[in-house]
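Asker: Got a sequence here, can you model it:
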Amino acid sequence: MTTDTPSADAAEQTGSAVAVRYQPKTRAFRRYTYLYALASLGMILLYGSMTIILLPVHVQQLEFAHVFTGADAQVHLHDLNVLKEQVDAGKVTPTAEQHRLLGLLNKFNSSRATSLSLVTTVGVVITMLIQPVVGLMSDRTRSRWGRRAPWIAAGGVAGAAMVALLPVVPSLAVLVVVYSLTLLVTGSGQGPLMATVVDRVPENRIGTLSTVTGVIVYLGGIGGSVIAGSLFAAVGLATYFPLAVALLLTSLCFVLLARDRSSRDLAVEPLRIRTFLASYVQALGDRDFRWAWVAKVLFFIGFGIANVYALYMLQSYVTPALSEKEAAQTAPLMQLAGLPAALIGMVVSGRWSDKIGRRKPFVVSASIILAVSFLVPFAWPTVPAMFVQAVVGGFGLGVYIVVDQALFIDLLPHRESAGRDLGVATLGQNLGQALGPILAGLVVASSGGAYGPVWPIGFVLVLLAGLIILPIKRIR
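Answerer: Model (predicted):
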């Protein structure tokens, strides 16, 4: 395969000395699109498998061993959840021993929720703080491979190494450290990868490429959870290993086969502390960008609080309760059920928003749809209700993922600093994903291990996120 160097497909490329800008409907543009989708897929497969299946199960196993000790370690969690259902329904009067075990179950439900929130939050906060800096540094990087490629390659190699360490993590404290480092290094590749869209894609094709990215994000999230749910039953936490290999190979394929122009001659001013600190706030000085950023934070707080405990809800919230293995296999099926609606939302919204030149109606509508979907399992705590929420919410999320990315690209205050400013946009998502689990953990802990209250809180936050988009003036 011919690489996208300045000497290859020269008639198809334009742009500055440090970035290839592809012409639409050309071989170079199509090749870039395929490789960009592949690299995105490698990252999203990992995130989908970790956040939906592997990390919750990993935390649950560590907390079970901490709460149920000695002879209690032989207790079956599913049997205990079934007993709790019967006691709550008034069908069984617990013995003294059963009452003691139910007390341990309540402690376990609270502790695993709090611990998962801790692991998720610390990892996301560290990534959140570093991504704008990585974006700034990638804007200024000089290399024969271009500005972004060294970061993408390093994220793939170092990320794969960290993922390979996760199966042998022995304690919650070590899991916090290793998982945080995993998100840090993979995120250092993800931000620069996204910045290549601004560098290389014509403006009238950004919405369309965002559709491709959105489809990959959704499919990758589902694919990762399905793969993890299937492999976990057979190989347990060793499921991390094939995901590490996928991350490594897809990142390197993009770097080697979708090459950019050299940035060795890039002229940059000396990096000063003021410039470093400004990387966190400069884009937020723009009024419209700031409104979009606040909306993104609220959206992902609401999404995070309602989705971080999906696996646990299948075991301890819905009736009848599922076992650990049943929940690990059912959670990805819920996402799979929402796939058709999500794909329709992605494909229609990306091209439609490009065609009519509008973004706001799509983002607002997507927020309302997702918010309403949260009310279904709140009113009807069953497995079918969880599937209904996944379908309705999947459509809303599909529209949001595609158009929100295009919206932020349209609102970039300084296109020459796209890596930095898109890093700030990603910081908003990461901040929401960090605060969501914290809020969810507080809600579950304060309600004695009950998961139901997270749904109405998620509803309010996501609905508010849609309304905050309305004051934006620079786009329609």
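
Asker: Ignoring the adjacent residues along the chain, who's closest to residue 300?
Answerer: Counting by CB to CB, 6 or more residues apart in numbering, residue 300 lies nearest to residue 432, which is 2.7 Å off, once chain neighbours are set aside. Yep, even glycine has a C-beta here, placed from its N, CA and C like the rest.

Asker: If we go by neighbour counts, what in the one helix or strand the one you found maps to is buried?
Answerer: For residue 432, the host element (DSSP states H and E) is helix 418-446. For helix 418-446, a neighbour-count test (16 or more other CB atoms under 10 Å) marks 418-441, 443-445 as buried.

Asker: Next: stretch 124-137.
Answerer: 124-128, 130-137.

Asker: Equivalent analysis for stretch 189-202, please.
Answerer: Applying 16+ other CB under 10 Å to stretch 189-202 flags 189-201 as buried.

Asker: Any chance of CSV for these, columns secondary structure, pLDDT and distance to residue 165?
Answerer: Converted to CSV, the buried residues of stretch 189-202 look like this (DSSP: H, G, I helix; E, B strand; the rest coil; pLDDT from 0 to 100; distance: CB to CB, whole Å):
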residue, secondary structure, pLDDT, distance to residue 165
189, helix, 88, 18
190, helix, 85, 19
191, helix, 83, 23
192, helix, 89, 24
193, helix, 89, 23
194, helix, 82, 26
195, helix, 82, 28
196, helix, 85, 29
197, helix, 83, 31
198, helix, 79, 33
199, helix, 81, 33
200, helix, 83, 34
201, coil, 82, 35
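
Asker: And the strands in this protein?
Answerer: Under the criterion DSSP state E, strands of the chain are mapped to 13-14, 21-22.

Asker: average pLDDT across the first one?
Answerer: Regarding strand 13-14, the rounded mean pLDDT is 46.

Asker: Kindly report the same for stretch 451-462.
Answerer: Mean predicted lDDT for stretch 451-462 stands at 93.

Asker: Touching it from outside, list them.
Answerer: 113, 298-299, 301-303, 305-306, 309, 312-313, 316-317, 367, 370-372, 374-375, 377-378, 381, 439-440, 443-444, 447 (CB atoms under 8 Å, 6 or more residues apart in numbering).

Asker: Narrow these to just the buried residues.
Answerer: Counted by 16+ other CB under 10 Å, these give 113, 298-299, 301-303, 305-306, 309, 312-313, 316-317, 367, 370-372, 374-375, 377-378, 381, 439-440, 443-444 as buried.

Asker: still on that earlier bit, any idea which of the buried residues of stretch 124-137 is the one closest to residue 387?
Answerer: Sorting those by distance to residue 387 puts residue 124 at the head of the list, at 27.3 Å, by CB to CB.

Asker: Setting aside sequence neighbours, what's the nearest residue to that closest one?
Answerer: Residue nearest to residue 124 in three dimensions, not counting chain neighbours: residue 434, with 3.9 Å by CB to CB, 6+ apart.

Asker: The one you found reaches residue 119, doesn't it?
Answerer: No: Residue 434 is not in contact with residue 119 according to CB atoms under 8 Å; the separation is 11.3 Å.

Asker: ok, residue 430 - contacts?
Answerer: By CB under 8 Å, 6+ apart, the contact set of residue 430 is 124, 125, 127, 128, 131, 187.

Asker: if you set the cut-off to 7 Å instead, what comes out?
Answerer: When contacts are counted by CB atoms under 7 Å, 6 or more residues apart in numbering, residue 430 touches 124, 127, 128, 131.

Asker: right, and the last one touches residue 429 too?
Answerer: No: because the distance of 9.7 Å does not satisfy CB atoms under 7 Å, residue 131 is recorded as not touching residue 429.

Asker: any idea which of the buried residues of stretch 189-202 is closest to residue 76?
Answerer: Using CB to CB, the buried residues of stretch 189-202 come closest to residue 76 at residue 190, 39.4 Å.

Asker: out of everything not next to it in sequence, what's closest to that closest one?
Answerer: Residue 190's closest residue in space is residue 43 (CB to CB, 6+ apart), at 5.5 Å.

Asker: sorry, back to before: chain center to the helix holding residue 432: distance?
Answerer: 10 Å (CA atoms, centre = their mean, to the nearest Å).

Asker: What count of nearby residues applies to residue 164?
Answerer: 16 (other CB atoms under 10 Å).

Asker: show me where the stretch 101-250 of the chain has helices.
Answerer: Here the stretch 101-250 of the chain has its helices, by DSSP state H, counting those that start in this stretch, at 149-165, 172-200, 206-235, 240-257.

Asker: which one of those helices has the lowest average pLDDT?
Answerer: The minimum mean pLDDT among these belongs to helix 206-235 (a mean of 77).

Asker: Direction-wise, compare it with helix 172-200 and give the angle.
Answerer: 150 degrees (axes from the mean of the first three to the mean of the last three CA atoms, to 10 degrees).

Asker: List the buried residues for helix 206-235?
Answerer: For helix 206-235, by 16+ other CB under 10 Å, it's 206-229, 231-232.

Asker: got a list of what residue 92 touches?
Answerer: Neighbours of residue 92 in contact, by CB under 7 Å, 6+ apart: 83, 86.

Asker: can you rerun that using 10 Å?
Answerer: Residue 92 makes contacts with 82, 83, 84, 85, 86, 98, as judged by CB atoms under 10 Å, 6 or more residues apart in numbering.

Asker: what about the second one, how many residues close to it?
Answerer: With neighbours defined by other CB under 10 Å, the count for residue 83 comes to 18.

Asker: ok, it - contacts?
Answerer: By CB under 10 Å, 6+ apart, residue 83 lies in contact with 91, 92, 94, 98, 101, 102, 105, 321.

Asker: roughly how far apart are it and residue 91?
Answerer: 10 Å (CB to CB, to the nearest Å).

Asker: likewise the last one?
Answerer: Distance of residue 98 to residue 91, computed by CB to CB: 13 Å.

Asker: Looking at those two, which is more packed in?
Answerer: For residue 98 versus residue 91, neighbours defined as other CB under 10 Å are more numerous around residue 98 (16 against 9).

Asker: Could you work out which of the helices of the stretch 101-250 of the chain reaches nearest to residue 361?
Answerer: helix 206-235 (13.6 Å).

Asker: Could you report the distance from residue 368 to residue 465?
Answerer: With distances taken as CB to CB, residue 368 is found 10 Å from residue 465.

Asker: same question, residue 178
Answerer: Taking CB to CB, one finds residue 178 at 32 Å from residue 465.

Asker: More neighbours: those two, which one.
Answerer: Per other CB under 10 Å, whichever of residue 178 and residue 465 has more neighbours is residue 465, with 28 against 17.

Asker: got the contact list for that one?
Answerer: Applying CB under 10 Å, 6+ apart, the residues near residue 465 are 294-303, 363-364, 366-368, 370-371, 400, 432.

Asker: Cheers, nothing more for now.
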